[in-house]
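Chemist: Quick one: sequence and predicted model below, then my questions.
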Amino acid sequence: MSTKVTRTWTVNGEKKVVEVLPLRRLLDVLREDFGIKGTKEGCGEGECGACTILLDGQPVCSCLIGAGQILDGSEIMTVEGLEKTEGGRILQEAYMEKGAAQCGICIPGMLISSYALLNSVSDPDEALIRKSHAGNLCRCTGYEKIVEAIQLAAERWPTGISNIKHRTLIRHR
Amino acid sequence: MAVVEKEDFRVVGKSIPRLDAGGKVRGLTEYADDVDIPDCWHGAIVRSPVAHGRLLGLTFDSSFDWNLVAVVTSEDIPGKNIVDMMGQDMPFLAHDEIQYRGEPVALIAARTKALAKKSLAHVKVDVEEHPATLTMQDVVARFEKDPASLHLQWKQDIRKGNVTDALASADMVVEGEYWCGHQEQMYIEPQGMIAIPEKDGSIFILGSMQCPYYINPELCVTLDLPPEKIRVKQTAVGGAFGGKEDFPTLLGGYCALLAMKCGHPVKIIYDRHQDILYSTKRHPAWTRHVTGLNRDGTIAAMKIDFLLDGGAYTTLSPVVLFRGILHAAMGYECENVTINGRVFRTNTFPNGAFRGFGAPQSLWALESHVDVLAERCGMTPHDFRLKNCLRKGGVTPTGQVLKESVGSPAVLETALDKAGFAEKLTRCSAGDPSQDRWYGIGLSFFAHGAGFTGDGEARIKAKVALDLDYFEDGAPGINVRASSTEMGQGTMTILPQTAAEGLSISIDRVRYPYPDTQVVPDSGPTVASRTAMVVGATVYGAGEKMKAQLEKFASEALFDGQTVKLSDGRFESSSAGNSRAFEEVASLYLKQNGPLRVYNQFDLPPTIKWNQETFEGDAYPSYSWGCNIAEVEIDVLTLEIHVTKVTACYDIGRVLNPLLAKGQLEGGLVQCLGYAIMEKIQIQDGIPDANRMQTYVIPTMLDTPEFDLCFVEYPYDHAWPGAKGLGEIPMDGLAPAIANAIKRAAGVRITDIPITPEKLFEALKESGSIRGTEAS
């Protein structure tokens, strides 16, 4: 695993080519190689969810994925990509209005989980909202304002928008 | 003081969304690890492998090329090798005695993180190991038998009346012991600091911190630099909760020492594992209550021992002890009170600041014990509290008369009513073996001192400034300058709110940049629930001063000397029809005079009297008040505890921003929920056993209760617009409320948090009330 591999992905809608050791964490590729620093590291072991990104429509912890595991042609979306989508902008507005971001460090990962949820179920009940975000830890808010923000975004979610290639039911983490 | 009625507020009291939210939802906000620092090296720390011993030396493995890295030992420290905190007993780098496992003995910097890490494996720390004191249990056992054998870090007592006589004459004496363990702050952004050496020999330190003016001057002592040669700037902080109060001085100091040695910028960003092992935590505590109680439900005497595990060095522990004992019997009428506070050394990482700062520990004990007292004299927990709670005119254990802004008993009455407490109390399961799911409800009532203890605010005199200048868009605006930090709690929004209110302009043209000691005056540290109250009031006053100056300017420049008033963003004179916008007048001012800076400084009213020696007098300028009611359900089969609903009422004075205030309360309550039933650390081989997020479990979105929160507002007039503390009080009361609810659900009282299912199982087994078990 000490030989570099070349990968071509679409990151936030832009084509990116990277030559990388297969076991280099996707999180490090994003932050250090691409300089896309919105995605945060909170624990490095898949517990806190701060590094959550969308990989072909699925929310995953980028600290747990080796770059070599990600196939050519994969689509990656980070918090920086949200603004380019209607749903992402709706979520950002709702998070701001409801006071869902306090210190903000969990928010990049939290928003990605929200985006994945609403793209697959646009009218989730509170139980599904909570279940689908249980892998995103927040130490500031007590989660109430985040749940309210997701509910507000769901109310505003237009029908028929989905920027996710592979629509799958949200994993219950 | 301006007389402004609540309904006249234009900006204060409004649920204005956070001014810093835009960057946060776009992923643009720069936290310490996000800042691009060209040519930055990475620091690593060589640590002691034992908890107690003597450092014999360091062996640097010759197979490693040491020319690739910079190494700093205690001999390289330019100034004094001490951390300039209380006690002055902590070396920056150990050079002789080792007091805890993980204590830094040397520092290494390298071009890459990987190389720095690799080099650590090539240093051997030679030590002679000594026996260690490691846990609160050790401390308490020795305190009972042979206290002189313990290393006392600090002591402070409170005495009121005559406890000995009152205990002897009371109808009964009720005793109780209460334990609480370490709690990890678990901010999601780990500790991170950066030091940049400048050409003129000065050092620029930036990173994740609460208190820029702790680092400078504390590092002046270690680095042997004058204050003007240490510049400190806060980056965005991804949560702190006290964890970034004292510790950044150490991490920033390590970076600075390495940067001075290698000549490159150096950063250290902890990973989670390091962060849990090697940064401060909440002090474990043991409290013993001995209470003289009368059958009519009056409290005759309270004798309290309050012990803290200080960890290896004194650091901030005395102040934590002060806040602990000042809250240990607070909130109730009692003429005879003795509180003995002690901090003892253990050979573990020095414990430090964490939201509440000693009060959650002593209130955990008090509010558990008060329920026991109620039971012993046959009263309900709410009637007992309503009978004994301090009210306006009441006298605290330090002899402070509560003259104004007293939200008691309003918080208690409001929460009891909202929760339907009295009725629900009759429905508790009390360990009924015929039920599958036990229900219980519990209560706590408490006050939290706002601002520094005693006359601390008079001594520190918070200073702030407002800068009127052009913003990037070419229009005039105001930057609020203070050293108070935004760490998630809302400083960046509420300080502009108070400035805008003082000026009577829209908040759109007011903002709060990250503090930089080169630019901002010292408004004190961001601690002690003091930012909204003390700094907010000082900023409001600065707004009023700037308003007066601009009104005078407008009068002369535009209104022919008529009296001019700035109101709601417009300058108006008494003559009708003449009105100018704030932007127009401010632009003209800037054109003619250049930027305008207005200072203001906080002072306490002279009526505040405090004796720091005897702990008598006005312990805090004012108090916030709270009442928490927890409802729990317990699965009888698994003993899993579900906190289903929390009803809470708070008096935090004027609520500056209800949206932010509620968010902070919810967050603090959930943090306290974790403290009560989830978050557990035991010391194993000198370090925490729960040392990762996988093993130190904090509440997720699935663990939180339904909330019913409300405020009753009793503004503090000496800090207009009248906010009191908010940051810490949500951490104070939920743990005992939950324990009291568990008692009524399961029929057993647990006196040691966190209350895990295992602990509950043991207690039920002991009481013989476990259903269907043949374990005994």
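Modeler: The structure has been received and is ready for your questions.
Chemist: Would you agree B:Thr73 is in contact with B:Ala94?
Modeler: No. Taking CB atoms under 8 Å as the definition, B:Thr73 is not a contact partner of B:Ala94, at 9.7 Å. Every residue, glycine included, has its C-beta placed from N, CA and C.
Chemist: Between the two, point out the one with more neighbours.
Modeler: Taking neighbours as other CB atoms under 10 Å in any protein chain shown, B:Thr73 and B:Ala94 compare with B:Ala94 leading, 25 against 16.
Chemist: For the more buried one, list the residues it contacts.
Modeler: B:Ser48, B:Leu55, B:Ser74, B:Glu103, B:Pro104, B:Val105 (CB atoms under 8 Å, 6 or more residues apart in numbering or on different chains).
Chemist: Likewise for B:Ala586?
Modeler: Here B:Ala586 is in contact with B:Leu468, B:Pro476, B:Leu550 (CB under 8 Å, 6+ apart).
Chemist: Show me what the mean pLDDT comes to for the helix or strand that contains it.
Modeler: B:Ala586 is located in helix B:582-593, with elements delineated by DSSP states H and E. The average pLDDT within helix B:582-593 is 98.
Chemist: hang on, isn't B:Ser63 packed against B:His122?
Modeler: Yes. Look at B:Ser63 against B:His122 with CB under 8 Å: they come within range, at 7.1 Å.
Chemist: higher neighbour count, the two?
Modeler: B:His122 (17 against 6).
Chemist: and that one, backbone torsions?
Modeler: Dihedral angles of B:His122 (phi, psi; degrees, to the nearest 10) stand at phi -100, psi 10.
Chemist: Tell me who's in contact with it.
Modeler: Counting by CB under 8 Å, 6+ apart, B:His122 touches B:Phe60, B:Asp61, B:Ser63, B:Phe64.
Chemist: which of those residues lies closest to B:Val464?
Modeler: Nearest to B:Val464 out of the contacts of B:His122 is B:Phe60 (CB to CB; 49.1 Å).
Chemist: how many other residues sit next to the closest one?
Modeler: 15.
Chemist: show me the contacts for it.
Modeler: B:Trp66, B:Val71, B:His122, B:Val123.
Chemist: now those: which count as buried?
Modeler: Neighbour counting by 16 or more other CB atoms under 10 Å in any protein chain shown classes B:Val71, B:His122, B:Val123 among those as buried.
Chemist: Pass me the low-pLDDT residue ranges in chain A, would you?
Modeler: Confidence mapping of chain A against pLDDT under 70 gives the ranges A:1, A:160-173.
Chemist: Helices of chain A, residue ranges please.
Modeler: Counting by DSSP state H, residue ranges of the helices within chain A are A:26-28, A:79-82, A:86-98, A:107-120, A:126-132, A:144-156.
Chemist: now the ones you listed in a markdown table, with distance to B:Gly543 and mean neighbour count?
Modeler: Listed next are these as a markdown table, based on distance: least, CB to CB, whole Å; neighbours: other CB atoms under 10 Å in any protein chain shown:
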| stretch | distance to B:Gly543 | mean neighbour count |
| --- | --- | --- |
| helix A:26-28 | 44 | 21 |
| helix A:79-82 | 35 | 24 |
| helix A:86-98 | 25 | 21 |
| helix A:107-120 | 31 | 27 |
| helix A:126-132 | 41 | 18 |
| helix A:144-156 | 28 | 22 |
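Chemist: Take those helices and lay them out in a markdown table including distance to B:Val370.
Modeler: Listed next are the helices of chain A as a markdown table, based on distance: least, CB to CB, whole Å:
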| stretch | distance to B:Val370 |
| --- | --- |
| helix A:26-28 | 49 |
| helix A:79-82 | 47 |
| helix A:86-98 | 37 |
| helix A:107-120 | 39 |
| helix A:126-132 | 34 |
| helix A:144-156 | 29 |
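Chemist: closest to A:Gly73 out of those helices?
Modeler: helix A:26-28 (15.3 Å).
Chemist: so which strand or helix has the nearest residue to B:Leu425 once chain neighbours are set aside?
Modeler: The shortest distance from B:Leu425 to any non-neighbouring residue, by CB to CB, 6 or more residues apart in numbering or on different chains, is to B:Ile441 (5.9 Å). Using DSSP H and E, B:Ile441 sits within strand B:437-450.
Chemist: Just checking: what are the partner strands of that strand?
Modeler: In the sheet, strand B:437-450 lines up against strand B:622-635 (antiparallel) (DSSP bridges).
Chemist: Skip ahead from the strand it pairs with and say which helix or strand is next.
Modeler: That would be, after strand B:622-635 and using DSSP H and E, strand B:641-651.
Chemist: Smallest distance to chain B belongs to which residue of chain A?
Modeler: Using CB to the nearest CB, the closest approach of chain A to chain B is made by A:Gly38 at 2.3 Å.
Chemist: give the contact list for that residue.
Modeler: Per CB under 8 Å, 6+ apart, neighbours of A:Gly38: A:Thr78, A:Val79, A:Glu80, A:Pro108, B:Arg26, B:Gly27, B:Leu28.
Chemist: can I get the residues you listed in a markdown table with distance to B:Gly431?
Modeler: As requested, the contacts of A:Gly38 are exported to a markdown table (distance: CB to CB, whole Å):
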| residue | distance to B:Gly431 |
| --- | --- |
| A:Thr78 | 51 |
| A:Val79 | 49 |
| A:Glu80 | 54 |
| A:Pro108 | 46 |
| B:Arg26 | 52 |
| B:Gly27 | 50 |
| B:Leu28 | 54 |
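Chemist: Pick out whichever of these sits closest to B:Asp436.
Modeler: A:Pro108 (42.1 Å).
Chemist: Please look at the closest one and A:Lys40 and confirm they touch.
Modeler: Yes. Counting by CB under 8 Å, A:Lys40 is a contact partner of A:Pro108 at 5.8 Å.
Chemist: overlap in contacts of those two?
Modeler: A:Ala50.
Chemist: in the strand holding B:Ile441, what counts as buried?
Modeler: Across strand B:437-450, burial judged by 16+ other CB under 10 Å covers B:438-450.
Chemist: Compute the mean per-residue pLDDT across the longest helix along chain B, please.
Modeler: Secondary structure of chain B per DSSP H: the longest helix is helix B:536-558. Taken as a whole, helix B:536-558 has a mean pLDDT of 98.
Chemist: Could you tell me the angle between it and helix B:582-593?
Modeler: With axes from the mean of the first three to the mean of the last three CA atoms, to 10 degrees as the basis, helix B:536-558 and helix B:582-593 are set at 70 degrees to each other.
Chemist: Quick one: distance of helix B:536-558 to the chain centre.
Modeler: 33 Å (CA atoms, centre = their mean, to the nearest Å).
Chemist: cool, and stretch B:203-218?
Modeler: 18 Å.
Chemist: Of the buried ones among the contacts of B:Phe60, which is the nearest to chain A?
Modeler: B:His122 (21.8 Å).
Chemist: per-residue pLDDT, that closest one?
Modeler: On the pLDDT scale, B:His122 is placed at 98.
Chemist: same deal with B:His264?
Modeler: The model's pLDDT for B:His264 equals 98.
Chemist: Tell me if it really is in a strand.
Modeler: No. Judged by DSSP: H, G, I helix; E, B strand; the rest coil, B:His264 forms no part of a strand; its state is coil.
Chemist: Many thanks, I have nothing further to ask.
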